[in-house]
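>>> Build me a structure from this.
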Amino acid sequence: MTQLYLLRHGHVENPQQVFCSEGFPLSDQGAQEIVRLAHDFQTADISINAIISSPYLRTRETAEIMVQAMNLPEVVFDDRLKEWQVGSWFDRPFTEFYAATKYDQEPPPSVLPSEVESLHVMADRMVSAILEYEKQFRGKSILIVSHREPLVTALLSFQQKSFDEVHHVSFSMGSVWKLEFDEKGTFIKTEKVFDESGGT
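Predicted coordinates:
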């Protein structure tokens, strides 16, 4: 059985509530969340054979904390795991993004502005990466570090659920979901396994 653990990076200080671009670091709280997650993995006797991360600063820092705390192999960075690509909306307030895109509505719109990556395109790049690493590390345990919308759309894709559910998936910063695949690489199930976010 192959187990892929999907980790959303730890807490980031964002008092202006902007759409975080590439250079936002973990806060002290976020770093502590990831240290606790490493302990959760060790307590559960989970051994990780590979760690793959988004190249953004907050995910790189998250991955490096896991490497140091669990004595893991060197991190592999994969651009397919990067944040949702929103063009000129990076570093601008969420309120402006929502006003322009209506993404906060229920359900979210099926069509977004042209500069904003569609949920389907984002899910496709995530699923492509996940399936590639599942095949490469079949029968082992892999840790993938990414961001909320990429991770959530990937989960919904594997669960064969609509992206209309994107706001209803619990995936706080500093939390982990698990994907399981059988010995032939067939997807079996997902489940949330750890959450050190405190609700952030």
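>>> and Leu143, that's in a helix?
No - with DSSP: H, G, I helix; E, B strand; the rest coil as the criterion, Leu143 is assigned strand and is not in a helix.
>>> Show me the beta-bridge partners of it.
Per DSSP bridges, the residues bridged to Leu143 are Tyr5, Ile51.
>>> Now do the same contact list for it.
Applying Cβ atoms under 8 Å, 6 or more residues apart in numbering, we find Leu143 in contact with Leu4, Tyr5, Leu7, Ile48, Ala50, Ile51, Ile52, Ala63, Met66, Leu72. All C-beta atoms are positioned from the backbone trio N, CA, C, and that covers glycine.
>>> how about 10 Å then?
Residues near Leu143 by Cβ atoms under 10 Å, 6 or more residues apart in numbering: 3-7, 37, 41, 46, 48-53, 62-63, 66-67, 70, 72, 75, 133, 176.
>>> Looking at these, which are in helices?
Using DSSP state H, the members of those that fall within helices are Leu37, Phe41, Thr62, Ala63, Met66, Val67, Met70, Tyr133.
>>> burial measure for the fifth one, as a count.
Residues within reach of Met66, counting by other Cβ atoms under 10 Å, total 24.
>>> now swap in the second one and tell me
Residues within reach of Phe41, counting by other Cβ under 10 Å, total 22.
>>> Repeat that for the first one.
Using other Cβ under 10 Å, Leu37 has 27 other residues around it.
>>> Could you double-check that Val75 lies in contact with Arg60?
Yes - counting by Cβ atoms under 10 Å, Arg60 is a contact partner of Val75 at 7.3 Å.
>>> Which residue ranges of this protein form strands?
2-8, 50-53, 76-77, 141-146, 175-181, 187-195 (DSSP state E).
>>> Contacts for the shortest one, please.
Strand 76-77 is contacted by residues 50-56, 59-60, 63, 133, 142, 144-145 when judged by Cβ under 10 Å, 6+ apart.
>>> Just the buried ones from those?
The neighbour count (16 or more other Cβ atoms under 10 Å) marks 50-54, 56, 59-60, 63, 133, 142, 144-145 as buried among the contacts of strand 76-77.
>>> Can you tell me the closest non-neighbouring residue to Ile46?
Ser141 (6.3 Å; Cβ to Cβ, 6 or more residues apart in numbering).
>>> which residues touch the one you found?
Contact partners of Ser141, counting by Cβ under 10 Å, 6+ apart, are Met1, Thr2, Gln3, Leu4, Tyr5, Phe41, Ile46, Ser47, Ile48, Asn49, Ala50, Lys178.
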